[in-house]
Structure formats: C-alpha cells, structure tokens
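Undergrad: model the following, please.
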Amino acid sequence: MNIMFRTSADVPSVLVIGAGMYVCGRGTQGFGTILPTLVEEQSKGKVGEIWIAATSYASGVELTRKLDGINARLGTKGCVRLLPQGKKRDPLSYRHALKSMPRPACVIISAPDSCHAAMSRDVIEAGLHLLVVKPLTPTLAENKMLVELCDQHGIYGAVEFHKRFDESNLLMRQEVLGGRLGTLLYSVVEYSQRRQMREIFSAWQQKTNIFQYLGVHYADLIHFVTGAFPRRVVAVGQKSGEFPGESSWDSIQAFVEWESPKTRKVFNSVIATSWIDPDATSAMSDQKIVIVGTKGRYQADQKNRGVQLVTERGIEEINPYFSQMYPGADGAIGIRGYGPASIRQFFEDVKLLLRDPGVRGELVASRPSFHQAMVSTSVIDAANQSLERGGLWVECDTVAQARKASPGRFDKIRRVCA
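TA: Presented below is the predicted three-dimensional model:
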C-alpha cells in the first residue's frame with residue numbers, strides 16, 4: 001500500500017493515532033476537539049491530508065458518522081483516511097501507517113495512557129514531531145527516556161495541556177508572576193467528572209486513575225502559573241465499591257509541596273479529583289481553583305462561566321471558551337476555544353520546524369514540551385506511589401529522580417499496546 005501525503009512547510013499533513021472521545025466525541029453527543037479542529041484547518045488550506053489510525057472497524061464507522069456531523073455543522077467538506085482497512089481489529093494500525101506511507105509532517109496521539117510511551121517511541125524513531133494528549137506517561141522514567149529520544153533524533157514532542165491556553169489561567173499567571181498575590185501560601189483545586197466517564201473509558205480505566213487522568217492538568221498548570229517545582233507528594237483515595245467489577249479509585253486527593261527555584265520558599269497545593277458526579281449534573285466537568293498568597297487570592301470557577309442553557313433536556317452549564325462550535329461575528333460557524341487553540345499552536349510550531357529545525361530549542365523551553373512535562377509526570381508518578389504505599393510521603397525531586405531512572409527500564413516498555 002502506497003499512501004501519499006502532501007506535506008509542505010505551509011500545509012502539513014497529519015496522522016492521528018486514536019479515534020476516541022477527544023478526537024471525535026465518541027460516547028458523547030458532541031464531536032470532540034481534535035477532528036473538528038483539523039477539519040476546519042483543512043478547509044482553510046492550513047492542514048493537508050488527515051489520517052486516523054483507529055484500533056477497529058467499528059471505531060472507524062463511528063468516526064465517519066461524527067465526521068459527517070462536523071461537516072454539516074461547519075459547512076466543510078473535510079475528509080479523512082482511516083486505518084485499519086477492513087473489518088479486523090488492529091491495535092497496531094498506526095505502526096503499519098508509519099512504515100508504509102511517505103512521511104507526514106507530524107503525529108497526534110490520543111490513546112490510553114498506558115500506550116503513550118510505546119507509541120511515542122515508535123513515532124520519534126520514525127523521525128516525526130508529535131503532540132500527545134495528557135498525561136504524557138504514567139512514570140517519570142518513561143518521560144525521561146522519551147525526552148532523551150527526542151534529543152537524540154532532533155524531534156519536538158509536546159503535550160496537549162490546553163489549560164495553558166485558557167485566558168482565565170493566563171490572567172492568573174500574570175497576577176502570580178507579577179507579585180500581586182505576594183508570597184504564595186497554598187492552592188486548592190477541585191476537579192470532578194460525571195460517572196459516565198467510567199463507561200466511556202471502561203476498556204482501559206483499570207490502567208489509569210482519576211488523578212493521573214484529570215489531576216495532571218493542574219499539576220502542570222500550577223508549575224506553569226508559578227514557576228515552582230514539586231518537592232514531595234502524599235495521596236489518598238476512596239473506593240466506594242458501587243461499580244461492579246471495578247476496583248479503581250472513585251476519588252483521589254493529592255497534597256503537593258512546591259518550591260520556588262528563585263526564592264526557595266515553599267507553598268502547598270491540594271488537588272482533589274473524582275469521577276463520581278451524577279450524570280444529571282449540569283456539566284461534564286466541575287472544576288475550581290484558588291491560589292492564596294500573603295497579599296491576596298485568585299479564584300476561578302472554571303465550570304460556571306456565566307452561561308446557562310435551560311431546555312427540555314435540563315439545565316446545562318456551558319463553557320464557551322473550551323471547545324465549542326458556534327458562529328463568529330461574520331456568521332461563519334467555527335470550532336473555537338482554548339482546546340482547539342492548543343492544537344493550532346502545535347501546527348504553527350510544526351510549520352516553523354519544517355522551515356527552520358533550529359527553533360526546536362526555543363519551543364522545548366517555551367511550550368508544554370516533553371521536557372516540561374517531567375514536572376507534572378513526577379507529580380502523578382509520586383502520587384501513584386503514595387497510593388500504593390497507603391498514603392505515605394513520596395519525594396518528588398524531578399531532576400534527582402530523572403537521573404536515577406535506569407535506561408534499561410525504558411527498553412522494557414512493551415512495543416505492542418494490547
């Protein structure tokens with residue numbers, strides 16, 4: 001099979017690995033974020049061919065149905081090419097694509113957490129820049145080895161931490177770094193989702209947990225907003241037993257001790273996560289953050305954005321700033337929000353890299369790169385260890401732990417994602 005990609009510095013083609021909720025809204029009434037963004041960019045001539053490597057024929061059928069809905073909503077004629085071809089299940093369809101096709105410009109990975117390390121390794125060794133949906137990896141050792149591989153091959157790896165693009169969080173960063181809150185004392189985060197998320201992720205939820213899946217967002221955000229690094233973590237959780245056949249945590253609370261590299265002063269954060277909210281709740285996610293310092297506080301209700309829709313379906317709290325399709329001032333419907341913004345930024349960065357590979361160092365330092373992800377990965381790694389140890393403190397010195405990581409450990413990562 002000879003699959004032709006038309007790639008240039010201005011119109012990069014892309015391979016997407018995964019066909020789930022964040023790609024196309026599978027399991028929900030929506031259309032996801034990745035596919036609508038790519039289709040709109042394709043319609044503007046900013047993205048070339050779009051390939052989707054799914055795991056099964058059924059996933060491809062669902063994605064095609066979602067694509068039809070996206071095109072109808074956006075008024076586009078977006079098209080994608082799907083793998084696997086045929087009705088047999090093929091969890092390695094992405095690998096066949098990497099081996100058989102001329103080079104695309106980049107790859108987006110939106111697959112279960114446990115597959116990220118192996119898939120990323122394959123993509124890096126194929127010489128392609130990549131964007132991975134959070135978390136990058138469950139362990140710091142895997143993260144470190146991916147960083148080393150990127151450095152060896154001159155590849156730019158980024159993590160889709162879209163909360164860095166949320167204006168609410170950018171304002172928070174400005175106030176914190178500008179010193180208006182004074183010396184930081186503590187931060188509290190509450191982040192929960194509906195029970196239906198368990199059904200959507202039923203095939204792989206035993207290989208992750210709610211803190212690893214959700215809490216990592218705020219572990220990265222606190223580092224991004226404050227510039228601080230985690231020192232140690234303690235985590236505890238609860239299992240209700242209300243879900244037959246499941247042993248995963250219903251909720252997890254992580255206490256993280258942070259230190260500013262400039263002042264050496266310490267502040268603390270509590271990140272409480274759960275996926276136990278009733279499905280009748282008014283939004284998929286309920287999330288709040290507060291940061292308190294000696295001179296003030298910044299607090300944001302990131303669920304209640306002031307937009308409420310009441311219909312026969314019930315009450316919905318809508319976040320128009322994350323990922324929504326609605327008309328602009330000119331009447332043209334588009335996919336808007338900080339979710340699509342993070343994906344568009346990655347494509348702009350890929351275009352820069354195609355013109356000038358020398359900008360990689362600047363991107364690594366200024367974007368949510370694999371290098372920067374070591375901070376959030378170290379937090380979830382330590383939290384998982386703390387849970388296993390019954391709620392004991394686990395040291396979280398990112399640099400020290402990374403240096404202790406055994407190179408041989410990464411070689412043992414399964415090259416096949418079951």
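Undergrad: part of a strand, is residue 364?
TA: No - residue state for residue 364 (DSSP: H, G, I helix; E, B strand; the rest coil) corresponds to helix; a strand is not indicated.
Undergrad: which one is it nearest to, not counting chain neighbours?
TA: residue 371 (5.1 Å; C-beta to C-beta, 6 or more residues apart in numbering). Every C-beta, even on glycine, is put in place using the N, C-alpha and C of the backbone.
Undergrad: tell me the SS of that neighbour?
TA: helix.
Undergrad: what sits against it?
TA: Listed by C-beta atoms under 8 Å, 6 or more residues apart in numbering, the contact set of residue 371 reads 147, 364, 365.
Undergrad: can you list these in a markdown table and add neighbour count and pLDDT?
TA: Listed next are these as a markdown table, based on neighbours: other C-beta atoms under 10 Å; pLDDT from 0 to 100:
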| residue | neighbour count | pLDDT |
| --- | --- | --- |
| 147 | 20 | 97 |
| 364 | 18 | 96 |
| 365 | 10 | 95 |
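Undergrad: of the residues you listed, closest to residue 71?
TA: residue 364 (36.0 Å; C-beta to C-beta).
Undergrad: show me the contacts for the closest one.
TA: Here residue 364 is in contact with 156, 370, 371, 372 (C-beta under 8 Å, 6+ apart).
Undergrad: could you report the neighbour count for the first one?
TA: Looking back up the chat, that one is residue 156. By other C-beta atoms under 10 Å, 25 other residues sit near residue 156.
Undergrad: that one contacts residue 358, correct?
TA: No - under the criterion of C-beta atoms under 8 Å, residue 156 makes no contact with residue 358, lying 11.5 Å away.
Undergrad: remind me which helix or strand the residue lying closest to residue 253 once chain neighbours are set aside belongs to.
TA: Spatial nearest neighbour of residue 253, chain neighbours left out: residue 272 (4.6 Å); criterion: C-beta to C-beta, 6+ apart. Taking DSSP states H and E as the definition, residue 272 sits inside strand 266-277.
Undergrad: paired strands for that strand, with orientation please.
TA: strand 184-194 (parallel), strand 251-259 (antiparallel) (DSSP bridges).
Undergrad: now do the buried residues in whatever helix or strand comes next after that strand.
TA: Counting by DSSP H and E, the element after strand 266-277 in chain order, helix or strand, is strand 285-293. Using 16 or more other C-beta atoms under 10 Å as the test for burial, strand 285-293 gives 285, 286, 287, 288, 289, 291, 292, 293.
Undergrad: with stretch 360-373 instead?
TA: Buried, per 16+ other C-beta under 10 Å, within stretch 360-373: 360, 363, 364, 367, 368, 369, 370, 371, 372, 373.
Undergrad: residues in contact with the last one?
TA: The one in question is residue 373. Residue 373 neighbours (C-beta under 8 Å, 6+ apart): 135, 136, 143, 159, 161, 220.
Undergrad: of those residues, which is the nearest to residue 334?
TA: residue 161 (22.5 Å).
Undergrad: how about the strands in the stretch 51-200 of the chain?
TA: Assigned by DSSP state E, counting those that start in this stretch, the strands in the stretch 51-200 of the chain fall at 81-83, 106-109, 129-132, 157-159, 184-194.
Undergrad: who touches residue 288 in this structure?
TA: 188, 189, 190, 191, 299, 300, 301, 302, 303.
Undergrad: change it to 7 Å
TA: Applying C-beta atoms under 7 Å, 6 or more residues apart in numbering to residue 288 gives the contacts 190, 300, 301, 302.
Undergrad: any chance of a markdown table for the residues you listed, columns secondary structure, neighbour count and distance to residue 237?
TA: Below are the contacts of residue 288 laid out as a markdown table (DSSP: H, G, I helix; E, B strand; the rest coil; neighbours: other C-beta atoms under 10 Å; distance: C-beta to C-beta, whole Å):
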| residue | secondary structure | neighbour count | distance to residue 237 |
| --- | --- | --- | --- |
| 190 | strand | 19 | 15 |
| 300 | strand | 17 | 25 |
| 301 | strand | 15 | 24 |
| 302 | coil | 20 | 22 |
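Undergrad: of these, closest to residue 93?
TA: Among the contacts of residue 288, and counting by C-beta to C-beta, the member closest to residue 93 is residue 302, at 35.7 Å.
Undergrad: where does the closest one land on pLDDT?
TA: For residue 302, the model assigns a pLDDT of 91.
Undergrad: ditto for residue 411
TA: For residue 411, the model assigns a pLDDT of 40.
Undergrad: low pLDDT regions in the stretch 301-418 of the chain?
TA: Scanning the stretch 301-418 of the chain for pLDDT under 70 picks out the ranges 397-418.
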